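>>> Coordinates for the following, if possible.
(one chain, ligands or ions: 1)
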Amino acid sequence: MSESAGVTVFRNCDWLVAWDDAAKSHVYLRGADFAFSGHDIVHVGKGYDGPVAQEVNASDLMIIPGFVNVHSHPGHEPGWKGMLEELGSPKLGQSSLYEFMPVFRVGTEYTRPCLRVAVSELLKSGVTTICDLGRPRDTWADEYAETGIRAVLWGMFRSGPWKTTNGHSVEYDLDFAAGDKALKEAVAIADKASLHPSGRITGFFGPAQIDTCSEGQIRDALAAARERNQPIQIHAAQSIVEFQEIVRRYGATPVEWLDRIGALGPDTIIGHCIFLNDHPWLHWPQGNDFERLVRSGAQVAHCPVVFARRGIALNTLARYVDAGVPVGIGTDSFPHNMLDELRMACYAGRIVAGSFTAAPTSYAFSAATNVGADIIRRPDLGRLAIGCKADFSIVDMTNPYMQPDYDPIRSIVYSANDRAIRDVYVDGRQVVANGQVLHFDIGNDIEMLRQGQRDVIKTASERDWAGREIEELTPRVYKIKHPDRTDG
Ligand SMILES: [Zn+2]
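Residues are numbered from 1 along each chain as shown. Here you go, the predicted structure:
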């Protein structure tokens, strides 16, 4: 939809999830009209009577704001499908970060196919803005622009990787001079990305992980981000191993140490922020991480699905939100499906607290829309209001999974999932129609992705500390049995 195409109006929407600015909340409207022109929303409410170029009868549709995915790694995560869902290190706090992710990661030649497959899935689940915490590269902005999604390219830098050579301790190969250089490159690529002619790309940067960057690097990144009025994002409090490593290095918990070095505040988004000293897994009563977090104004990127796979959960979504911590939602890993994350955010929060009040649906929906938008400093996203960007999804209310429809957000979060998302618009341009992505084809990308995983399978034992073959590293759900044999 170009500027010259004029106003598109959706008439008489069955349901419309509109933004009530006075209440600072989404509200349901029934029988309202929704109109946009060019990139922007021009009408939300009863009886639009301005000029119309295109008119849609929306009496069996719900229009919802596009989701803002605040934390993801689409350049490699799709390659792990089938391998990492139920794998962790028993001697490394159940995490898969240290022993398995470095072994199973597909090569950088598969970055673009991985990204396109992930973005295709995200768009179909109603994501209109993605934050990609990835490897800075010159082709990055173009890779996103061609998909039609809105993207924050969050260039990650670090001084080196981690490794384990025994399955029970983690070592770091850190080269701080290389990390300083990587920070400069990340900043340069971010600045250039923000100038992309599509107008849908923003470049940010950040220290990849609290345990792979120096104090100076975290401070330098934060200072450079502040000069640009941008936030940094950093993985912290994401594993037991990392919690203990930061205590070992600095005599402080991850949140306490970030506070001590001046990096805990409104310009910092913490990826995960699960292992506060009072998390039930830690038994670490001498600390006040939660109070520090609340006081600081720092924000949290919450990715419930990937942690739930290993029995880990935030303690709890409602506790953080009620105390005033801005919490956004990200997919982090596969599946690239925001509605899965919303549902898991609600269930996991309630299980951890043993209470049905510990993660209300409205907290998860707001986290995935207006709060996520605020976290990336885009108050014109994540809400349907006049003047905001025309980033929205159309839900088919005739889909049986959406009915009965006493509360359609509950219907889509708990029952219908992405099956009911029919069309998606980004910046006033349709990017998904009838559940199909419009502007790119992933047929060839899927084939590349399969090849990437085959490469990993062939060479996994070379990277594993114990030289294990793939079936030993990650046994399939059932063994493959040769069809001619009955003796196994
Ligand atoms: Zn992450």
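
>>> Give me the distance between Asp278 and Ile386.
43 Å (CB to CB, to the nearest Å). All C-beta atoms are positioned from the backbone trio N, CA, C, and that covers glycine.

>>> let me fix that: Pro231
Using CB to CB, we find Pro231 at a distance of 27 Å from Ile386.

>>> ok, the residue nearest the centre of the chain - contacts?
Of all residues in the chain, the one closest to the mean position by CA atoms, centre = their mean is Gly330, 2.3 Å from it. Residues in contact with Gly330 (CB atoms under 8 Å, 6 or more residues apart in numbering) are Asn69, Val70, His71, Ser72, Cys131, Gly271, Ala301, His302, Cys303, Glu341.

>>> Repeat the analysis, applying 7 Å as the threshold.
Under the criterion of CB atoms under 7 Å, 6 or more residues apart in numbering, the contact list for Gly330 reads Asn69, Val70, His71, Ser72, Cys131, Ala301, Cys303.

>>> Secondary structure for these - can I get that in a markdown table?
Formatted as a markdown table, the entries for these read as follows, by DSSP: H, G, I helix; E, B strand; the rest coil:
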| residue | secondary structure |
| --- | --- |
| Asn69 | strand |
| Val70 | strand |
| His71 | strand |
| Ser72 | strand |
| Cys131 | strand |
| Ala301 | strand |
| Cys303 | coil |
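
>>> tell me the two of these that are most distant?
Farthest apart among these by CB to CB are Cys131 and Cys303. That separation is 11.2 Å.

>>> which residues are in contact with both of those two?
Shared contacts of Cys131 and Cys303, defined by CB under 7 Å, 6+ apart, comprise His71, Gly330.

>>> Any stretches of the stretch 351-488 of the chain with poor pLDDT?
Scanning the stretch 351-488 of the chain for pLDDT under 70 picks out the ranges 486-488.

>>> now the stretch 201-350 of the chain
By pLDDT under 70, the stretch 201-350 of the chain contains no weakly predicted segment.

>>> can you pull out the strands in it?
Along the stretch 201-350 of the chain, the segments classed as strands by DSSP state E, counting those that start in this stretch run 201-207, 232-236, 268-272, 299-302, 327-329.

>>> gap between the closest residue to Asp14 other than its chain neighbours and Arg485?
Residue nearest to Asp14 in three dimensions, not counting chain neighbours: Met397, with 5.0 Å by CB to CB, 6 or more residues apart in numbering. The span separating Met397 from Arg485 equals 52 Å under the rule CB to CB.

>>> Looking at those two, which has the bigger crowd around it?
Regarding Met397 and Arg485, a neighbour count based on other CB atoms under 10 Å identifies Met397 as having more, with 22 against 7.

>>> Which residue ranges of the stretch 251-400 of the chain form helices?
Remark: helices assigned in the stretch 251-400 of the chain by DSSP state H, counting those that start in this stretch are 254-260, 289-296, 304-308, 317-322, 338-353, 361-366, 372-375.

>>> any chance of the ones you listed in JSON lines, with mean neighbour count and distance to Ile240 too?
As requested, the helices of the stretch 251-400 of the chain are arranged in JSON lines below (neighbours: other CB atoms under 10 Å; distance: least, CB to CB, whole Å):
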{"stretch": "helix 254-260", "mean neighbour count": "23", "distance to Ile240": "11"}
{"stretch": "helix 289-296", "mean neighbour count": "18", "distance to Ile240": "14"}
{"stretch": "helix 304-308", "mean neighbour count": "22", "distance to Ile240": "12"}
{"stretch": "helix 317-322", "mean neighbour count": "21", "distance to Ile240": "20"}
{"stretch": "helix 338-353", "mean neighbour count": "22", "distance to Ile240": "16"}
{"stretch": "helix 361-366", "mean neighbour count": "22", "distance to Ile240": "25"}
{"stretch": "helix 372-375", "mean neighbour count": "24", "distance to Ile240": "26"}
